[in-house]
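J.: Predicted model, plus sequence, below.
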Amino acid sequence: MNQPNWADQTIWTGDNLSIMRGMNSDSVDLICTDPPFNSNANYAAPIGSEAAGAEFKDTWSLSDIDVEWINLIENQNPQLFRVLLAAMTDSDKSYLAYMAVRLIEMRRILKPTGSIYLHCDSTMSHYLKLVMDAVFGHSNFRNEIIWERDPAGKGAKRTSKQWPRNYDSILLYSKGDQYTFRQQYAPLSESQKKVYRYRDERGEYKAVQRGDYSDKSMEKFLAANKVHTSKTGKEYIKYYLKDAQAALGSVWTDVYGFGTKTASKERTGYPTQKPLDLYKRIVEASSEEGDMVLDPFCGCATTCIAAQNLARQWAGIDISAKAIELTKLRLQNELKLFSNPIHRTDIPQRTDLGDIPPYNSAENKRFLYGEQGGHCAGCQTHFESRHLEVDHIIARANGSTDHISNLQLLCGSCNRIKGDRGMEYLRVKLQLVS
């Protein structure tokens, strides 16, 4: 596993795809993120709120994506490409292509023991699960958490002609079979406490049938005075209220959204802010102290604040420059920390690739010539090696590297037409010429 090639407490402003492409592989322990939902709405923080000025659109069309993303997916991940083809509308296809290329990078930068929590809602959760199955592998799906953000039956929901849409989904995938997870617990409810109806010198307890405990085990319970004997002489095991914990399931109803707790002190006014307790639970369950936690869509930095609160390292990325301002503000207001997070707008340079030869080296050219069968990757014409030039598939300005996986051979003409643009530009130009 590799070390992160960035410092703890770093916030980037910029496109998370380019920035993640510059991050070392296998360097992040946990990703938990709340990306756009394809909600067909535009969002802006209220004037006068701490987040005033923060805004983003969550409407999608084919003009919002680089068509080259779809071509890369088709070539590198046919299963994922089939998911994109299944999308019902251009808006859905655009959104899924946008998310797919980023999820591919998220998987790459996760450690083999890492996990990802992806927050979504019913708009696209069914498609996103298929995308994540294709990227992470169906066998690495761990759970779907249902978060009831608001109680049903308040406001217009009381008279709506449909079941209330009052929950979000959080999809949990691991990168492999070994991953960090610690069961989380909640206090017992009043109804759960009522079954502890017996009392002895140690306190209140409940009596539970012995089940498959052996006679030898029961002897140990008897010696420890942990056996309850009924009036009919039947023996039960004592479980004490003071030791009781309720294991949390995958339906969370105990963390309220801001539609209910509108007066919460942590509320910044950021349009899609989520409660801190929600992300503290995730970070605590799926990471250890000192682990690196990343949120590629950090918004008002709830994941980062949760990680800081729990002694984890963290980094966040957001397209809006407001994120760094909100991070500083929340560290001060909620954690009383006056630290100064590192703010970056550049693309990190990977340090995990070892010694890479110059991109246009003779050895790269020989390898690529054999891989492409001597054909130009643009016009597909066959050339002698001396008439082909080494080109970056994804420009270095967009976070790519000189690694052989990002190189191709183009003839001189195609290379001049393409320049530092994507392959889709070249294909369009070649179609116009033909």
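T.: Arrived safely.

J.: The lengthiest helix in the chain: how far from the chain's middle?
T.: The single longest helix within the chain, with elements called by DSSP state H, is helix 90-109. What separates the centre of helix 90-109 from the centre of its chain is 11 Å, taken as C-alpha atoms, centre = their mean, to the nearest Å.

J.: which parts of it are buried?
T.: By 16 or more other C-beta atoms under 10 Å, the buried positions in helix 90-109 come out as 91-109. Quick note: C-beta positions are derived from backbone N, CA and C, even for glycine.

J.: Now do the helices in the stretch 251-400 of the chain.
T.: For the stretch 251-400 of the chain, the helices defined by DSSP state H, counting those that start in this stretch occupy 276-286, 302-309, 322-335, 362-371.

J.: got those as JSON lines, with distance to residue 406 columns?
T.: Shown next, in JSON lines, are the helices of the stretch 251-400 of the chain (distance: least, C-beta to C-beta, whole Å):
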{"stretch": "helix 276-286", "distance to residue 406": "31"}
{"stretch": "helix 302-309", "distance to residue 406": "29"}
{"stretch": "helix 322-335", "distance to residue 406": "28"}
{"stretch": "helix 362-371", "distance to residue 406": "11"}
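
J.: Who are the contact partners of residue 131?
T.: Residues in contact with residue 131 (C-beta atoms under 8 Å, 6 or more residues apart in numbering) are 80, 83, 96, 99, 100, 103.

J.: Break the protein down into its domains, please.
T.: 10-180+248-344, 185-247, 362-433 (automatic domain parsing).

J.: Of those domains, flag the one that's most buried.
T.: domain 10-180+248-344 (a mean of 18; mean count of other C-beta atoms under 10 Å).

J.: wait, residue 241 sits on residue 199?
T.: No. Using C-beta atoms under 8 Å, residue 241 is not in contact with residue 199, being 9.3 Å away.

J.: who touches both of these two?
T.: Counting by C-beta under 8 Å, 6+ apart, the shared contacts of residue 241 and residue 199 are residue 205.

J.: in the stretch 151-300 of the chain, which spans are strands?
T.: Ranges of strands within the stretch 151-300 of the chain are 167-174, 185-186, 198-200, 203-209, 227-229, 235-240, 246-247, 251-252, 292-295, based on DSSP state E, counting those that start in this stretch.

J.: hmm, back to that, quick one: the domains of the chain as JSON lines, columns for distance to residue 351 and mean pLDDT too.
T.: Converted to JSON lines, the domains of the chain look like this (distance: least, C-beta to C-beta, whole Å; pLDDT from 0 to 100):
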{"stretch": "domain 10-180+248-344", "distance to residue 351": "6", "mean pLDDT": "86"}
{"stretch": "domain 185-247", "distance to residue 351": "40", "mean pLDDT": "92"}
{"stretch": "domain 362-433", "distance to residue 351": "11", "mean pLDDT": "91"}
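
J.: and residue 353, which of these is closest to it?
T.: For residue 353, the closest of the domains of the chain is domain 362-433, at 5.7 Å, according to C-beta to C-beta.

J.: chain center to that closest one: distance?
T.: From the chain centre to the centre of domain 362-433 is a distance of 33 Å (C-alpha atoms, centre = their mean).

J.: separation between the residue lying closest to residue 122 once chain neighbours are set aside and residue 398?
T.: Leaving out its chain neighbours, the residue that sits closest to residue 122 by C-beta to C-beta, 6 or more residues apart in numbering is residue 165, at 6.4 Å. Going from residue 165 to residue 398 by C-beta to C-beta, to the nearest Å gives 37 Å.

J.: same check, this time on residue 168
T.: Distance from residue 168 to residue 398, by C-beta to C-beta: 31 Å.

J.: Residue 181 too?
T.: On the measure of C-beta to C-beta, residue 181 and residue 398 end up 35 Å apart.

J.: how about the nearest residue to residue 239 once chain neighbours are set aside, what does it touch?
T.: The spatial neighbour of residue 239 that comes closest, neighbours along the chain excluded (C-beta to C-beta, 6+ apart), is residue 206 at 5.3 Å. The contact partners of residue 206, taken as C-beta under 8 Å, 6+ apart, are 195, 196, 197, 198, 238, 239, 241.

J.: change it to 6 Å
T.: 195, 196, 239 (C-beta atoms under 6 Å, 6 or more residues apart in numbering).
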